[in-house]
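[1] give the three-dimensional model of this entry:
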Amino acid sequence: MTLRLVAMTLLAVASLPAADPKTLGLVIRRGAPVPSPVRQQFELETELAVQQSLKAENLSLAWRDEGAARAFESFDRLIVVSFQGDCTTMMPKSPVPGGPLGWTSTADGRVLPFIKIDCTRVKMVLQESGGWVQPLIPAGVLARAMSRVAVHEIYHVLTGRKNHDEEGLFKAAYSSTDLLAPALLSQRAHTGIAGVSTSH
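    Numbers count the residues shown, from 1 in each chain. This next block holds a predicted model:
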């Protein structure tokens with residue numbers, strides 16, 4: 001089963017020249033608790049996917065917890081990430097209502113720098129499409145699936161692109177195969193960052 005991922009744009013940014021490294025600050029907002037092993041692997045998977053799939057080798061990610069920003073610290077771009085649902089390694093015991101796996105917020109026609117990821121819906125996609133049928137899912141497997149959703153949203157943020165591709169990372173919907181793929185393959189590049197996939 002494939003669930004559509006609602007994603008909108010945030011900041012339009014031009015190509016990131018190799019000679020001008022940028023830092024993307026990712027602030028984890030308090031919300032659904034994420035176990036440490038899942039959180040650690042999620043950050044690693046997201047960083048790797050951003051560099052490989054978005055062709056942004058000069059973009060470094062700096063993870064921070066909300067309220068724990070360091071004095072005088074600044075970033076070239078800043079995105080607030082929050083999780084909802086059940087982010088533990090327990091798989092759902094009963095179906096949950098369908099809906100987006102991840103999305104960003106808008107106000108007055110503007111996309112705000114806030115990304116949300118629904119852990120329960122991510123696990124439901126894995127469960128219902130046969131990606132994972134055991135009652136417990138390894139932290140690394142869940143983290144990879146969550147990171148695929150995050151990278152799609154980050155792509156929207158960095159490129160300001162609203163439409164999607166028919167295939168690849170930036171297509172309109174993900175299956176369990178997409179969420180667990182060892183590499184996120186892009187179909188084409190846009191403003192120096194390769195195509196990503198999910199849907200409005």
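
[2] got any ranges where this structure has weak pLDDT?
    Residues of the chain meeting the criterion pLDDT under 70: 1-20, 54-57, 69, 160-163, 184-200.

[3] which strands and helices sit next to the longest helix along the chain?
    Of all the segments of type helix in the chain, defined by DSSP state H, the longest one is helix 139-159. Applying 3 or more Cβ pairs under 8 Å, 6 or more residues apart in numbering; DSSP states H and E, one finds that helix 139-159 contacts helix 36-53, strand 77-84, strand 102-107, strand 110-118, helix 119-128, strand 173-174, helix 176-180, strand 193-194. In this view, the C-beta of every residue, glycine as well, is placed from N, C-alpha and C.

[4] measure how it sits relative to strand 77-84, angle-wise.
    140 degrees (axes from the mean of the first three to the mean of the last three Cα atoms, to 10 degrees).

[5] centre of the chain to helix 139-159, how far?
    Distance of helix 139-159 from its chain centroid, counting by Cα atoms, centre = their mean, to the nearest Å, is 2 Å.

[6] what angle do that helix and helix 119-128 make?
    Going by the same axes, to 10 degrees, helix 139-159 makes 120 degrees with helix 119-128.

[7] quick check, residue 147 in contact with residue 49.
    Yes. Between residue 147 and residue 49 there is a contact under Cβ atoms under 8 Å: 5.8 Å.

[8] center of the protein, which residue is that?
    Nearest to the geometric centre of the chain sits residue 150, at 0.4 Å (Cα atoms, centre = their mean).

[9] if I look at the residue nearest to that residue when sequence neighbours are not counted, how far off is residue 70?
    Nearest non-adjacent residue to residue 150, counting by Cβ to Cβ, 6 or more residues apart in numbering: residue 46, 5.2 Å away. Distance from residue 46 to residue 70, counting by Cβ to Cβ, to the nearest Å: 20 Å.
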